[in-house]
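S.K.: just need the structure, nothing else, for what follows:
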Amino acid sequence: MTFGKVKGFLIDIDGVLTTGDTAISGAREVIENLKSQGFPFRCVSNSTRKCRNTIAVRLDTLGFDISKNEIFTPPLAAVKYMKESGKNRACLLTTGDVNRDFEGTCIETDSTAIDYVIIGDAGDRITYAIMNHAFRCVMDGADIIALEKDRYWMASEGLSLSAGPFVEALEYATGKEAILVGKPAKEFFSLALSDMGLSAKDVVMIGDDIFTDISGAQGAGIRGVLVKTGKFRNDVFEKNTIQPAAVINSLGDIQTMIQ
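M.R.: The predicted model follows:
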């Protein structure tokens, strides 16, 4: 497996570094080697249940030497978008503590007279009442910000629905297209590239999702490498036309790229 000169890496978290609360075999060693050899990397995750600080603490607990500043998640892009728009009244349709990433920027209100419905992976918080309130907000003029539109993800108990199906439901009901700020949005990848100070041609993206990780990276001019861990499914891979730069068994196989 040869890629020419690689100067840095973008790495997904769920399904590449971890599955549930378990580190994937060999992943910690890869991060250690990247650091020891001076390769910059950023973890670009569509995780929207935890704030960036909580993700960093979780990774530290699992033995990863990854700082908060090396983690990029959709709320960072959403906050940037809101600041540039000058609008900040929002309904957060999320779960966990991801709301902490919006503190100081987002003004939450129960009114339907708001600027944005911000929707991520809200898990069991998704109910008819919650979705109907979001629907009414959009019908009253709010825009939809989709933190991500993944179809599903690999939770500790198995494949689980992500935000995508619920974003699609709001789009269908309201006739309004969501503003996507997470993967596969080109702007999201650009945030991480800019932070590393590298151009797309010098970076490789490692992910377990053929659509958001690989196709998204390719849309940003980045080579994408698909791993067979996490939510990878061979049937999904074989029936689509997206061609990764390589398909590897796990993150550990990228060692040949950093020799």
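S.K.: C-alpha only now, for contacts and for neighbours.
M.R.: OK.
S.K.: helices of this structure, start to end?
M.R.: Taking DSSP state H as the test, the helices found in the chain are 27-36, 52-61, 74-85, 128-139, 164-174, 186-196, 216-219, 234-238.
S.K.: with only the CA atoms kept, save the fifth one in PDB.
M.R.: The one in question is helix 164-174. Taking C-alpha atoms only, helix 164-174 is exported to PDB below (Å, rounded to 0.1, in the frame of the first residue of the first chain):
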ATOM      1  CA  GLY A 164     -29.800  11.200   9.400                       C
ATOM      2  CA  PRO A 165     -33.200   9.600   9.300                       C
ATOM      3  CA  PHE A 166     -34.700  12.300  11.600                       C
ATOM      4  CA  VAL A 167     -33.100  15.100   9.600                       C
ATOM      5  CA  GLU A 168     -34.600  13.600   6.500                       C
ATOM      6  CA  ALA A 169     -38.000  13.400   8.200                       C
ATOM      7  CA  LEU A 170     -37.900  17.200   9.100                       C
ATOM      8  CA  GLU A 171     -36.800  18.000   5.500                       C
ATOM      9  CA  TYR A 172     -39.600  15.900   4.000                       C
ATOM     10  CA  ALA A 173     -42.300  17.400   6.300                       C
ATOM     11  CA  THR A 174     -41.200  21.000   6.000                       C
END
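S.K.: quick revisit: in TSV: the helices of the chain, plus distance to Ile114.
M.R.: Output for the helices of the chain, formatted as TSV (distance: least, Cα to Cα, whole Å):
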stretch	distance to Ile114
helix 27-36	42
helix 52-61	25
helix 74-85	13
helix 128-139	7
helix 164-174	15
helix 186-196	24
helix 216-219	30
helix 234-238	39
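S.K.: deepest of these, which one?
M.R.: Stretch with highest mean neighbour count among the helices of the chain: helix 216-219 (a mean of 22; mean count of other Cα atoms under 10 Å).
S.K.: run through who's touching it.
M.R.: With Cα atoms under 8 Å, 6 or more residues apart in numbering as the test, helix 216-219 has contacts from Lys183, Pro184, Ala185, Lys186, Phe189, Met205, Arg223, Gly224.
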